[in-house]
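Undergrad: predicted structure and sequence below. I'll ask about it afterward.
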Amino acid sequence: MTSKHWLSTPLLITCLAASQALAAAPEVKETAQPKLVVVLVVDGLPNEQVLRYRHQFGAGGFRRLLEQGASFNNAHQAHGITVTAVGHAAVLTGAYPYQHGIVGNGWVDPATKKQMYCTEDTAHTYIGEATDPDDGTSPANLRVDTLGDQLRYASGDRAKVITVAGKDRSAILLAGKTGTAYIYMEKTGNFASSTYYMAAHPQWVQSYQASRPQDRYYGKSWTPLLADSAYAQDAGAEFYPAKPNVRNRLPMLYSSDSGKPDAAYYTRLKSGPAVDELTLDFARAAIEGESLGRNPAGVPDILGVSLSAHDYVNHSFGPESKMSHDHLQQLDRLLAKFFGYLDQRIGMDNVMVVLTADHGFTNVPEFAAARKLDARRLDGKKLVASLNKYLADKYGADKLVAAFSLPNIQLDYALIDQRGLKRADVEDAAATFLQATNGIAHVYTRTQMASGALPDTRLSMLMQRAWDHQRSGDLMVITKPFWYFSGGSTGSSHGTPYTYDSNVPLVFMGKRWFKPGVYGQYAEVADIAPTLAHLLRVRPPAASEGRVLTETLR
């Protein structure tokens, strides 16, 4: 009797063919992980400045990023309130304000109606430094995690995440919940952390502070880097009236009235390339002190660096000024030195670099008006006072506006209810009054935001993303293009959903992972976290809504 075969002949042939195909298939090799991920945020850098001045950059800084990296010219901070805290929160969370909870640099606490700073936490203090109650000391107000938190989770906390910035909110919001932030102290010129992160500074920080690098600029000047002819297209000084305690011409002397380094001098360092140089110097010290990029566990580390001075320069002088132009050239040379250091210390083949900004900038309104644009400043305090008077006249109740942190305005719902008024009616009346004010383009109400009853426009989408039902206002006020809220009479600002405030650089560099080139696709800063999470093979942050920028990947 013949034995029975458990496989029929056709099926056996199919299985043999499949096994041969599998055996012949090439081995799939995963791309090597970077040893260090460097996330660079230039505070207040519009992408148009990078494009406008790129022909003047040196070989190793911005030009290296643009030539060796994958860059997006149509990249945006895709939320409606484009300020420092919101922009930095987006970078490594991949989230929008309605989820991450950072709705501004500050907001009105709904319970107390008092101002709340985005990273204040009175439970913690700066280490070895004076701490005011509203100083930024922890990420307690950030509701979600970051890429760094996910990397530390995936590595069993073996990966290190270190951030450094000239502003507390910038360093803290990049560091997330489990990273470590270091901040420039304007009273002493030190970089310090807070008790949220540690009880005392490690030895390398103590040694760095003892060397007093911040004092080396005293009596020296910020002088123009290029020949006078290079600045011929910049706006003239007539748009930048002299301001008290601000040296608004180059060369700018770093000094103080006391004749020696003091708090006034250390504060002045923030408004020029000195603080950026110090920030990058401290970043080098962190790389060496924490052995970043040489992790003994063989896992990647993250270094976040926020360069704060460009924002201060643009606020004082505008992005069209010689001051801003030269500062960007100075920053370019500083980045070239920093990349050269990374070449020697770690090897750039092992380093992944991302460059972006937290927001852009509009032009000084006097400059914009000279170019025949409808551009002016709006006094927010006067606007709110006139709204309160209008509501009082209409409803017979004083101070129906309880507080404000523009573009958010808080109404006194308790008083509205007490008077037997309908909340939606008061909101609509306030919105109608504000929209009739010269310089105001749109006003969204809490009822509209909570119900989603908004016009089907990109602007509405951006403002909806920026609105949080607990922390945002009952009215959100949007100026006309080129107008902005300003209590002063000089300088420029940002904060709107318009492209001059939202369009920022977005560049990924690392030849093992990214294909160099200029990409025309629409991209968002919120895409950084999921793209890096994909490459680092970790979970994206919990609230991430960005996409993986697959078009750039090798």
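TA: Received, thanks.
Undergrad: for burial, what's the neighbour tally of residue 374?
TA: Applying other CB atoms under 10 Å, we find 13 residues neighbouring residue 374. (Glycine included, C-beta is placed from N, CA and C.)
Undergrad: same check, this time on residue 215
TA: Per other CB under 10 Å, the neighbour tally for residue 215 reads 13.
Undergrad: next, the closest residue to it other than its chain neighbours: secondary structure please.
TA: Leaving aside its chain neighbours, residue 215 sits nearest to residue 261 (4.8 Å; criterion: CB to CB, 6 or more residues apart in numbering). For residue 261, the secondary-structure state derived from DSSP: H, G, I helix; E, B strand; the rest coil is coil.
Undergrad: wait, residue 261 sits on residue 187?
TA: No. Counting by CB atoms under 8 Å, residue 187 is not a contact partner of residue 261; they are 11.2 Å apart.
Undergrad: look at these two and report which has more neighbours.
TA: residue 261 (21 against 14).
Undergrad: quick one: contacts for the more buried one?
TA: Under the criterion of CB atoms under 8 Å, 6 or more residues apart in numbering, the contact list for residue 261 reads 189, 214, 215, 218.
Undergrad: Throw those into CSV and include secondary structure, thanks.
TA: Formatted as CSV, the contacts of residue 261 follow (three-state DSSP):
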residue, secondary structure
189, coil
214, helix
215, helix
218, coil
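Undergrad: can I get these in CSV with pLDDT and distance to residue 128?
TA: Converted to CSV, the contacts of residue 261 look like this (pLDDT from 0 to 100; distance: CB to CB, whole Å):
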residue, pLDDT, distance to residue 128
189, 98, 13
214, 98, 15
215, 98, 17
218, 98, 22
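Undergrad: ok, so of those residues, who is nearest residue 449?
TA: Distances from residue 449 to the contacts of residue 261, taken as CB to CB, are shortest for residue 189 (42.9 Å).
Undergrad: distance check, the closest one against residue 117.
TA: 22 Å (CB to CB, to the nearest Å).
Undergrad: neighbour count winner among the two?
TA: Taking neighbours as other CB under 10 Å, residue 189 and residue 117 compare with residue 189 leading, 24 against 20.
Undergrad: looks like the more buried one contacts residue 268 (just checking).
TA: No. Taking contacts as CB under 8 Å, residue 189 lies outside contact range of residue 268: 10.4 Å.
Undergrad: mean confidence for the helix or strand containing residue 333?
TA: Element membership of residue 333 [criterion: DSSP states H and E] is helix 322-345. On average, the pLDDT along helix 322-345 is 98.
Undergrad: for stretch 474-484, same thing?
TA: Computed over stretch 474-484, the mean pLDDT rounds to 98.
Undergrad: could you chop the chain up by domain?
TA: According to automatic domain parsing, the chain comprises the domains 36-364+498-552, 377-485.
Undergrad: nearest to residue 492, out of those domains?
TA: Checking those against residue 492 by CB to CB gives domain 36-364+498-552 as the closest, at 4.2 Å.
Undergrad: first vs last residue of stretch 216-226, how far apart are they?
TA: Distance between the boundary residues of stretch 216-226 (CA to CA, to the nearest Å) amounts to 23 Å.
Undergrad: what do you get for stretch 398-411?
TA: First-to-last residue span, stretch 398-411, CA to CA: 11 Å.
Undergrad: repeat that for stretch 42-56.
TA: With CA to CA, one end of stretch 42-56 sits 18 Å from the other.
Undergrad: from the chain's centre, how far out does it sit?
TA: Centroid separation between stretch 42-56 and its chain, computed with CA atoms, centre = their mean, to the nearest Å, is 15 Å.
Undergrad: and that stretch, what's buried?
TA: When burial is assessed from 16 or more other CB atoms under 10 Å, stretch 42-56 yields the following buried residues: 42, 43, 44, 45, 46, 47, 48, 49, 50, 53, 56.
Undergrad: between those, which is nearest residue 495?
TA: The shortest gap between residue 495 and any of those belongs to residue 44, at 11.1 Å (CB to CB).
Undergrad: and the pLDDT at the residue nearest to that closest one when sequence neighbours are not counted?
TA: The shortest distance from residue 44 to any residue other than its chain neighbours is 3.2 Å, reached at residue 311 (CB to CB, 6+ apart). Looking at residue 311, its pLDDT is 98.
Undergrad: would you check that residue 311 makes contact with residue 84?
TA: Yes. Under the criterion of CB under 8 Å, residue 311 is in contact with residue 84, at a separation of 6.8 Å.
Undergrad: need the residues touching each of those two.
TA: By CB under 8 Å, 6+ apart, residue 311 and residue 84 have these common neighbours: 43, 44.
Undergrad: from residue 459, how far out is the residue nearest to residue 331 when sequence neighbours are not counted?
TA: The shortest distance from residue 331 to any residue other than its chain neighbours is 5.7 Å, reached at residue 276 (CB to CB, 6+ apart). Residue 276 sits 33 Å away from residue 459 when distances are taken as CB to CB.
Undergrad: cool, residue 328 as well?
TA: As defined by CB to CB, residue 328 lies at a distance of 29 Å from residue 459.
Undergrad: now do the contacts for residue 146.
TA: By CB under 8 Å, 6+ apart, the residues touching residue 146 are 92, 93, 174, 175, 176, 177, 179, 529, 541.
Undergrad: ramachandran angles for it?
TA: In this entry, residue 146 is assigned phi and psi values of phi -120, psi 170 (degrees, to the nearest 10).
Undergrad: what's the answer for residue 222, then?
TA: Backbone geometry at residue 222, expressed as degrees, to the nearest 10, gives phi -80, psi 110.
Undergrad: could you report the neighbour count for it?
TA: The burial metric for residue 222, expressed as a neighbour count using other CB under 10 Å, is 21.
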